[in-house]
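In: Here is the input, now give the coordinates:
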Amino acid sequence: NAAPKDEHDVEHEQETTPRTLAHFIQHFGSDEAAPYLLPNKALMSDWAKDLPIVTCRDRMTHCFTAAYGRIAHRATGSLLLEDENHPGPISEHPPDRSNMIQYEGKLRRFSPEELLSLFGFPEGFHFPENMSLQHRYKLIGNSVSVFVVTRVAARLLNSCGCGQSKWLQIDSDESISNYPCC
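Out: Numbering: from 1, shown residues only. Coordinates of the predicted model:
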């Protein structure tokens, strides 16, 4: 028999359930989306069939690297398929990759702001206005997830060796409060 879950277990389970990407993405008009759309030349390439694609219904992406904005490649980060007719997450409903040009105007990179949100940066964080799009992608690709670092730090700080087993409070803005040190 499994022991009943206590209040902390239920709360922790809710905190660690991954959100769908819809929580992090912006909806652009056609003019606003233009800088992020995958060019037709890339869609017509043989290697386009290997690109990592996700939808707003997915709960995970491929790793984003510093090369994300510079090149389209299966190892630089996921591309977002914005197609209202796509039935669900890619894991359950893989896209038809036989003719990638069918995704013209529907397959785009995540914006830097979306990536910052995915990585857990606070809403008030912004790049300087004069920074190029490529440089923003490079900096994000070289960063780490604030969500992950916050939780790892909380676990490390909780294991200070005093014998107490307490959890640090991670607030909704991902800041740590109520430090329970001995």
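
In: Tell me which stretches of this protein form helices.
Out: Counting by DSSP state H, one finds helices in the chain at the ranges 7-16, 30-33, 40-43, 112-119, 133-141, 146-158.

In: looking at those, which is buried most?
Out: helix 112-119 (a mean of 20; mean count of other Cβ atoms under 10 Å). Placement of C-beta: from N, CA and C, glycine included.

In: so where is the protein shaky, pLDDT-wise?
Out: 1-16, 159-182 (pLDDT under 70).

In: Give me the nearest residue to the residue nearest the centre of the chain, chain neighbours excluded.
Out: The residue lying closest to the centre of the chain (Cα atoms, centre = their mean) is Leu118, at 3.6 Å. Distance criterion Cβ to Cβ, 6 or more residues apart in numbering; nearest residue to Leu118, sequence neighbours excluded, is Phe24 at 4.9 Å.

In: Could you report the neighbour count for the one you found?
Out: The number of residues packed near Phe24 is 18, by other Cβ atoms under 10 Å.

In: just to revisit the earlier point, in CSV, list the helices of the chain along with distance to Thr61.
Out: Output for the helices of the chain, formatted as CSV (distance: least, Cβ to Cβ, whole Å):
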stretch, distance to Thr61
helix 7-16, 17
helix 30-33, 18
helix 40-43, 18
helix 112-119, 7
helix 133-141, 12
helix 146-158, 13
